[in-house]
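A.B. asks: have a look at this prediction, sequence included:
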Amino acid sequence: SQWLFFLHETHGSTEFVQAPGGTIPEIGTSSLPSLPSEFYAVVQTTALYLDKDAEYPPSVKRTTVWYDSVHKKVRAEFEANGQPWRALYRRYDKGMEFEILHVAGREKTCQFSKMKEKMPSPEWPETLSYKGTDIVRGKFCHHWQEDNGYYKVDYYETVGPVRVPVLIHTEGMDYDVLEFRSGPIDQDIFHFPPDLRPNCTKVPNHVGFPYVHLLYTYLRF
């Protein structure tokens with residue numbers, strides 16, 4: 001039978017209790033991880049197999065995201081070695097996307113493409129299982145694990161009515177959520193800079209840009 005873990009508080013202390021079968025008891029979550037439909041986040045990725053002291057390829061990158069699945073819009077800004085190098089505006093509501101590239105010593109360039117696909121929703125694998133709670137980055141977290149037999153992925157989110165992602169750890173990459181604020185996004189954030197529009201070039205055949213995997217494969221846009 002399936003074994004699940006839940007917290008039991010007694011005499012001011014907390015202990016782990018293991019219970020067979022059934023569903024995960026209510027300790028701030030009784031279901032798979034969830035993400036709000038609107039949020040601002042800063043996520044830092046660390047490639048664990050790269051030399052952290054090498055300038056190229058950079059082992060640490062940072063992505064700042066304004067995410068609004070209610071209005072079908074995303075804006076993302078990317079940094080490497082502490083320098084901005086790319087921005088992406090995905091307007092699923094209008095079927096258009098724009099990319100701005102920052103190259104040191106040169107003017108910004110941009111491209112645009114039509115989009116046919118719908119905005120993806122977060123996807124949680126069937127193999128994701130609940131492992132209990134742990135302290136991660138100084139926060140009390142739920143611990144989930146995806147184990148396919150040949151690799152493992154650990155997902156941590158805060159305990160409480162509002163669950164906030166904290167860390168995803170894989171064998172080759174860490175995804176650290178440095179900042180996270182849920183709630184409505186100012187829609188002006190998603191307006192593409194008008195001064196760049198006249199110089200934007202079309203992506204050949206409107207093939208578009210690759211998906212950004214913000215939280216491993218669980219959240220992409």
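C.D. replies: Received, thanks. Numbers count the residues shown, from 1 in each chain.
A.B. asks: end to end on stretch 148-160, go ahead and measure it.
C.D. replies: Across its full length, stretch 148-160 reaches 28 Å between end residues, using CA to CA, to the nearest Å.
A.B. asks: so what touches that stretch?
C.D. replies: Outside stretch 148-160, the residues within contact range by CB atoms under 8 Å, 6 or more residues apart in numbering are 27-29, 33, 127-128, 131, 133-134, 136-137, 139-147, 163-171, 216, 218. C-beta coordinates here come from the backbone N, C-alpha and C atoms, glycine included.
A.B. asks: what does stretch 201-219 give?
C.D. replies: Against stretch 201-219 from outside (CB under 8 Å, 6+ apart): 33, 35, 41, 43, 63, 65, 67, 76, 88, 97, 99, 109-115, 120, 122-125, 153, 155, 165, 168, 170, 173, 175, 177, 220-221.
A.B. asks: which secondary element of this protein has the worst mean pLDDT?
C.D. replies: Among the helices and strands of the chain, strand 13-20 carries the lowest confidence by mean pLDDT, DSSP states H and E, at a mean of 32.
A.B. asks: following that one, which helix or strand shows up next?
C.D. replies: The helix or strand immediately downstream of strand 13-20 is strand 38-47, counting by DSSP states H and E.
A.B. asks: which residues are contacting whichever helix or strand comes after that next one?
C.D. replies: On the C-terminal side of strand 38-47, the closest following helix or strand by DSSP H and E is strand 60-68. The contact list for strand 60-68 (CB under 8 Å, 6+ apart) reads 37-47, 52, 73-81, 178, 184-185, 187, 189-190, 212, 214, 221.
A.B. asks: in PyMOL, select just the buried ones from these.
C.D. replies: Buried members of the contacts of strand 60-68, defined by 16 or more other CB atoms under 10 Å, are picked up in PyMOL with:
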select buried, resi 38+39+40+41+42+43+45+46+73+74+75+76+77+78+79+80+185+190+212+214+221
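A.B. asks: circling back: which of the contacts of stretch 201-219 fall in strands?
C.D. replies: Among the contacts of stretch 201-219, the residues falling in strands (DSSP state E) are 41, 43, 63, 65, 67, 76, 88, 97, 99, 109-114, 153, 155, 165, 168, 173, 175, 177, 220.
A.B. asks: derive a PyMOL selection command for the buried subset of those.
C.D. replies: In PyMOL syntax, the buried subset of those is picked out as below (16+ other CB under 10 Å):
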select buried, resi 41+43+63+65+67+76+88+97+99+110+111+112+113+153+155+165+168+173+175+177+220
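A.B. asks: so where is this protein shaky, pLDDT-wise?
C.D. replies: Along the chain, the parts satisfying pLDDT under 70 run over 1-30.
A.B. asks: repeat that for 80
C.D. replies: Residues of the chain meeting the criterion pLDDT under 80: 1-31, 103-106.
A.B. asks: which SSE is the closest residue to Arg86 other than its chain neighbours in?
C.D. replies: Nearest non-adjacent residue to Arg86, counting by CB to CB, 6 or more residues apart in numbering: Phe78, 4.3 Å away. For Phe78, the host element (DSSP H and E) is strand 73-80.
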